[in-house]
Structures are given as C-alpha cells and as structure tokens.
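*Asks:* need a structure here:
(2 chains)
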2 protein chains.
Amino acid sequence: MKPSSGPASLTPLSGSGPADPPRFLREIADWCEQNNIVFDNYGSGNLVETFEKKIASLLDFPAARFMPSGTLAQLAALKVWAAESNCPHFGMHPTSHLEIHEEHAYAHLYNLRRSFVGPAKSALLAEHILAIDEKMSALLIELPAREIGGQLPSWDELEKIKATAHKKGIKLHLDGARLWETKPFYNREYSEICAGFDSVYVSFYKGIGALPGAMLLGSVDFIAKATLWQRRAGGTLQTLGPQIASATMLLDKSLRRMPAYFNRMQQVVHNLSGIKALRFFPELPQVNMVHVYLPFRAEIANKVRAEIEEQYSIKMFGNAMSFDIPEESYFELTVGENLLGLSDSEVHLIFSYLIETGIRHSNQQ
Amino acid sequence: MKPSSGPASLTPLSGSGPADPPRFLREIADWCEQNNIVFDNYGSGNLVETFEKKIASLLDFPAARFMPSGTLAQLAALKVWAAESNCPHFGMHPTSHLEIHEEHAYAHLYNLRRSFVGPAKSALLAEHILAIDEKMSALLIELPAREIGGQLPSWDELEKIKATAHKKGIKLHLDGARLWETKPFYNREYSEICAGFDSVYVSFYKGIGALPGAMLLGSVDFIAKATLWQRRAGGTLQTLGPQIASATMLLDKSLRRMPAYFNRMQQVVHNLSGIKALRFFPELPQVNMVHVYLPFRAEIANKVRAEIEEQYSIKMFGNAMSFDIPEESYFELTVGENLLGLSDSEVHLIFSYLIETGIRHSNQQ
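*Replies:* Numbering: from 1, shown residues only, chains lettered A, B, ... in the order given. Okay, here's the model as predicted:
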C-alpha cells in the first residue's frame, strides 16, 4: 500500500481508475494513428459503423446505433415502443435509473407514464410480470440491477421473464448498463443473454473504461426510429470520435477481464466473512459489484472513510448512504483493476479499520 | 496548390480542417498535462467550472453551463422560458436550426409551439417583432443567420430588436452558433452584442475548432433550471473532459483569428467580382461566411465539384443545393485557415473553372 501523500494520489477501491487524462488521450491518439481513424461526421463513417456492426454481431441484433448516453438511448427506446403500440405506458423496477437519476425525463420530456413492477429490494421476476393487469408498451429490465447490489435473476428465471413478457405482448427492453459484467454468472454468450429482448442498451464507460458512450440495439426499423429521437434530444453530435475510438480500442481487452473481476469479488467477500458486523447485499454477489452494509450511520461511515484516505491513501467509496434504517449505512463496491492490485490482507485491514472505528465512533455518540 | 492524389488528401475550401485525429488528441493531451487537468465528473470540477466562468465573464452573464450540443442547449432554454411565462409558444425565423435540422424536437419532445417571425430570405428585424400579435414566451434570434448567408442586422437595428422584444415582454434568446464570428462586423465587445438577451447559446466546434460542445448562459436561476433539462435530455455525461479541454485550449487563439477570416471573406468576394455569372448572398458578406449562387442546377454543380476535387485536390463544398429556382444552385462558403492558405489567383482559378464548366455542362443538356 502506498504511503499517504494527500488526496491527490488517492486510489479508489472500486473500479479501474482514475484515468490520467493526458495518458488516456495519448493512448486513444496512438490507436487512431495505428488504425488510420477518421472521426465520424454526425454519426456516419467507417469508425462508428464498424463498431456498431461489431456490437450488433456480439449481441446478435440486426442494427445498432452509438449514442452519447444511456439516458438518451433508453428513453428513445421506450418512446419508439410507446409509439408502436400507441400506448405511453411502460413498466420498470422501482429502483430503475429512469426513476432515480433522470429527473423523471420519461414523463416531463418524453410524455410517458410508468408503473413499477417488482418489489424495491429484490430483482424483478416472471411472477411480477404475470401480475401486470394493465396495458403496457414495454418493460425495462436492468441486468444486473445496480441499486439492489447488482442482483441478477437465475438463468431459468430469466428465461421465464422473457417468455412471460412475450406471452403478454409486452416489448422487453434490456437496461444493460452493466451487461458486460453478467457473463461470468450466466456463463452464456452475450447473444444468449440478450436473446428474447426486443431492444438492448449497453454502456462503454463503466466496465469497459472508455469515454462516456452508449449503444442501442434492435431491429433496423427500431434503430431508424430511435435515431430520430437521438437527434431530437440533441444527441446527434458533429462527432463522437474520441468516445467511439476509446470504446473500440478497449472493448475486447476489457471484456476479457470480466471473469477476473467476478472471481475477485467472490474472494473479497469470502476474505471479509470473518468481520461479523459487515454485511453484503446480496450475500453472494452475482456480478463484480455488491452493496456493503455498515452497522452505523452514514455520517460516521463518511468520517471514517476520510480517516482511511488520510492513513492509507485509499478512497473506499464516494459517499455512504442510508437506505431505510438510519442506524445503518451502505456503499457500493465494484471490483476492477484497483481491487485486483490489493492483497487480501490489505483489503482486510481497511475493512477492519472501517468497521472497528465506525463502531467506536457510534458508541461514543 | 498541391498536386492531386485522390480524395484522401482533399483540402476543403471552407473552414480550418480537417483535423487529424491523432494530432488533435495529442494536442489536447499535452495541454491537459501542462495544466494538470482532471476531467469533470458529471459536469462538476475545476476544468468545466473555470471555463464556464470564463465564458460567463466574456459575455457578461451571471451563470453558464457547458452542454454537449446546441440542440439540447437551445431547447432547454426555450423550455425554461415557456415554463416561466406558462406559455408554450415561442417565435423564431423560418430558417432557424430548430425548424430545419432538429426533426421538430421543440414540438415532438419539448411540447412547444412556434410561430415564424420575419421573412424567409432576410434577417429578422424589429418591425417583425412589433407585428407579433400573439402571446409568446420567448423569441429566438440567430446571429448571424446561417441559412440566409450569415446575415446580421445592423447595430442600430439590433438595438431596436432588443428594445422591441423587451417592450413586448418577450424573452430574447440568442442562437449564437456563430456568435464569435460577429465581432468584426459590429466592432463591439461580445458582452455588448449579448447585452439585452435573456439567454445565449454559443458553440465551440465551428469557428473555435474544438470537439463538439456548447454553452448556455443566463441568470443563475435560469441555468439551474436548464441544467435539469440537460439531464432529462441525456446530456449530463460522466465526463465531457476532452470536449471542454479542447474548447478551453483553443478559444483565445481562435477568437484572435476572427478579424482575419472576415477580411479574407471580403477579399475573396472582391477578387471574384469579375466573374459575372457568380452571385454572392448577401452581396457584401457580414461575417466570414456567404452563400455562393451558381447559374446552373445543383446536380451539375456537384458534378463539377467532383472534377475540381480530382484536378486540384480541393473540396469546394459538400453538396450544392437548390433554393427556389431549380436552374440555380448554391453552396455555403466559410472562411477559415484553409482559404487563408490559398492565393487570390488560386481561388480565382477554381471559381472560374466551376462557373465555366458548369455553364458548359448546362448548355449541353
């Protein structure tokens, strides 16, 4: 573990960063030079079209479109499905990104209405779809479901989900913000995981580590219609060249790392199982992320986090939050290169420090 | 003039490009290194906030927000003004970008209605605002008006426009996609040109030559509200670091070039005045752009353009279009570094070739 030298050299526990801007830009520049890259012009050109074909082939969809953000891509998808069925009503889990992080754009901007499907703390299951008793144009399913610790339905359950939605005539849209991370759990090809979904969104800046960018996949007709909404939302830019180049450059390499991240997640949870006051949700992680629950208030967790940054130069998390019990707090842990670079004993040390110091602070209050 | 070596080495007549991706990315990387740049995190951080303050100061507005595109920035602005006055109705010139290039997002996505103000072929004047006989939340004015050859109202007329809109209680929004290019004509500070507008959008990838990016300016309250719409439209990205860095890096240098571009535009028009069949609109350019009218059909113009590319390695324009007379065509000419690098005789040569060959083809049909 590096000696402390102030916040500038903090290493986050989660993820694979932080990326150093000049180094990252030079890597993209070198890759562009080696591959004679010409940036796209408003979404047209060899670079973007080749990348779209690559992802379409990997996920086995007829068409794909690179878009600047997942928010844009998913709302465009839901808008297309709503128009197709002449029904502005869609379903999603109560913890969906669309409900929590997008200022209710689906309603205020896209003029859509939602119903929640499934309970807030566990994954959306086929039985919840079966219970839908109103007309819906589409159902959005997030795999893995980030806000509930990265939970995934079992493979059999996923098959049931697909069959049930299909039988009900509801279009299935996959929120695949972290789809790349699901392969080690399912041990299936991405095309098999996506089969049965009518549209899919994937992201390139989270697990892949590229500059921000997203891809929407579906039929040729669906993508043509979604592309109109991309323009309307202001997402058809003169070029997204650096974003597309960085995603193309990193995809294969990053996908190969996913099994190692999932294994390390399982090791970390096993390694920390002796710290009884620590709780993981889900207890057995299904991807390379998990929620870590602490037996004290969020403000105490954040205070101890700052101490750990000072002592160990490691940023354990951004901000601890409380869920429904104020005496508890939690943070999200995502395994990337950073956690692969720490030994089990180093990891155990900082988690022990966090728990012991947090409990001591808590008892003193 | 370089010898012909196929389309790969074509130099556009307009603009200052094409930018070579690896070289451009390395310039940004070097600049980031020299300035210890850390990319923004969802629009927060020193890089973006410093740049926002710089533009806010230059244009004399209390607040500014970097956004990925002008489409997003301007629709967000109009949506805020509509909510403020509880009136979904705004005005704009019939050739506005919002009418022509955005798939009518103002209606389909933002649920706004428009009225046209001013005649299609000339600039919007105070008298047209005076004639408005319906309630409007805001009026969008583009300076210069791109689709009519970059026309600008005179300074006195601009003052009247501002006063008339103010008297009518209509918010004035400035579409400043090419605002940077107006300073040589008005010979005023940017803050003087923008004074009296309630909100302003400026762009960084056209005259400035940065990666795509836009800035919206207004009051603190206005920008806070517009930022909500930015998120809803999917324009709040994990980082816009390369875009912001490139704009910060290039702004001052590019602004200093604007007088040279305007002078060169005037020289070019003067130099070509002997070619009688050539017509410029406006006759005396007011910025570094103009529409070039040709006395033959667009398909002939495009055919001769390809010949010129083959013979002189210069791409005179992208695509000639017809306006309302099919026997005429026109293209947009914008002066940047490329036209500064050509001598008057070289410019005269290719324009003579275009006109003479086009007329010959036309007579043969």
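
*Asks:* and A:Arg256, what does it touch?
*Replies:* Applying CB atoms under 8 Å, 6 or more residues apart in numbering or on different chains to A:Arg256 gives no contacts. For every residue, glycine as well, the C-beta is placed using N, CA and C.

*Asks:* Check which helix or strand it maps to.
*Replies:* helix A:241-271 (DSSP states H and E).

*Asks:* Please apply the same query to A:Phe66.
*Replies:* strand A:63-67.

*Asks:* mean confidence for that strand?
*Replies:* The pLDDT scores in strand A:63-67 average 98.

*Asks:* what's the answer for stretch A:102-113, then?
*Replies:* 98.

*Asks:* Compute the first-to-last residue distance for that stretch.
*Replies:* End-to-end distance for stretch A:102-113: 14 Å, by CA to CA, to the nearest Å.

*Asks:* now do stretch A:96-105
*Replies:* 13 Å.

*Asks:* Check stretch A:323-330 too.
*Replies:* Across stretch A:323-330, first to last residue, CA to CA, it's 7 Å.

*Asks:* and the residue of the stretch 251-365 of chain A nearest chain B?
*Replies:* Ranked by CB to the nearest CB, the top residue of the stretch 251-365 of chain A for proximity to chain B is A:Gly318, at 9.6 Å.

*Asks:* which SS class is that residue?
*Replies:* coil (DSSP: H, G, I helix; E, B strand; the rest coil).

*Asks:* That one: neighbour count?
*Replies:* A:Gly318 has 13 neighbours, counted by other CB atoms under 10 Å in any protein chain shown.

*Asks:* neighbours of the residue nearest to it when sequence neighbours are not counted, just the number please.
*Replies:* Closest residue in space to A:Gly318, ignoring its immediate chain neighbours: A:Phe331 at 7.6 Å, by CB to CB, 6 or more residues apart in numbering or on different chains. Using other CB under 10 Å, A:Phe331 has 22 neighbouring residues.

*Asks:* Am I right that A:Phe331 is in a strand?
*Replies:* Yes - with three-state DSSP as the criterion, A:Phe331 is located in a strand.

*Asks:* My guess is it contacts A:Ala320. True?
*Replies:* Yes - between A:Phe331 and A:Ala320 there is a contact under CB atoms under 8 Å: 4.8 Å.

*Asks:* joint contacts of those two?
*Replies:* Contacts common to A:Phe331 and A:Ala320, judged by CB under 8 Å, 6+ apart, are A:Leu294, A:Ala301.

*Asks:* Could you check how many residues crowd around the closest residue to A:Glu327 other than its chain neighbours?
*Replies:* Spatially, and ignoring its direct neighbours in sequence, A:Glu327 is nearest to A:Arg297 (6.2 Å; CB to CB, 6+ apart). Residues contacting A:Arg297 under the criterion other CB under 10 Å number 20.

*Asks:* how about A:Arg297, what does it touch?
*Replies:* By CB under 8 Å, 6+ apart, the neighbours of A:Arg297 are A:Ser322, A:Pro326, A:Glu327, A:Glu328, A:Ser329, A:Ser362.

*Asks:* now swap in A:Glu84 and tell me
*Replies:* By CB under 8 Å, 6+ apart, A:Glu84 lies in contact with A:Ser137, A:Lys171.

*Asks:* so the closest residue to A:Met249 other than its chain neighbours, which of the three states?
*Replies:* For A:Met249, ignoring the flanking residues on the chain, the nearest one in space by CB to CB, 6+ apart is A:Trp31 at 4.4 Å. Of the three states, A:Trp31 takes helix under three-state DSSP.

*Asks:* So which of the contacts of A:Arg297 wins on neighbours?
*Replies:* Going by other CB under 10 Å, A:Ser329 tops the contacts of A:Arg297 with 24 neighbours.

*Asks:* That residue reaches A:Phe317, doesn't it?
*Replies:* No - assessed by CB under 8 Å, A:Ser329 is found out of contact with A:Phe317, at 9.9 Å.

*Asks:* and A:Leu339, what helix or strand is that in?
*Replies:* Going by DSSP H and E, A:Leu339 is in helix A:337-340.

*Asks:* I'd like to check what contacts that helix. Which residues are they?
*Replies:* A:11-17, A:257, A:260-261, A:264, A:268, A:347.

*Asks:* Sketch out the strands for chain A, chain order is fine.
*Replies:* A:11-12, A:63-67, A:89-92, A:113-116, A:138-142, A:171-176, A:199-203, A:214-218, A:279-281, A:289-294, A:314-315, A:329-334 (DSSP state E).

*Asks:* Take those and write them to TSV, including distance to B:Leu152.
*Replies:* Formatted as TSV, the strands of chain A follow (distance: least, CB to CB, whole Å):
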stretch	distance to B:Leu152
strand A:11-12	50
strand A:63-67	35
strand A:89-92	46
strand A:113-116	45
strand A:138-142	47
strand A:171-176	47
strand A:199-203	43
strand A:214-218	39
strand A:279-281	61
strand A:289-294	54
strand A:314-315	51
strand A:329-334	52
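
*Asks:* all helices of the stretch 1-150 of chain A, in order?
*Replies:* For the stretch 1-150 of chain A, the helices defined by DSSP state H, counting those that start in this stretch occupy A:21-34, A:46-59, A:70-85, A:97-100, A:105-108, A:126-130.

*Asks:* just to revisit the earlier point, between the strands of chain A, which gets nearest to B:Arg26?
*Replies:* strand A:63-67 (23.5 Å; CB to CB).

*Asks:* and the closest one, which strands flank it?
*Replies:* Next to strand A:63-67 in the sheet, as set by DSSP bridges, lie strand A:214-218 (antiparallel).
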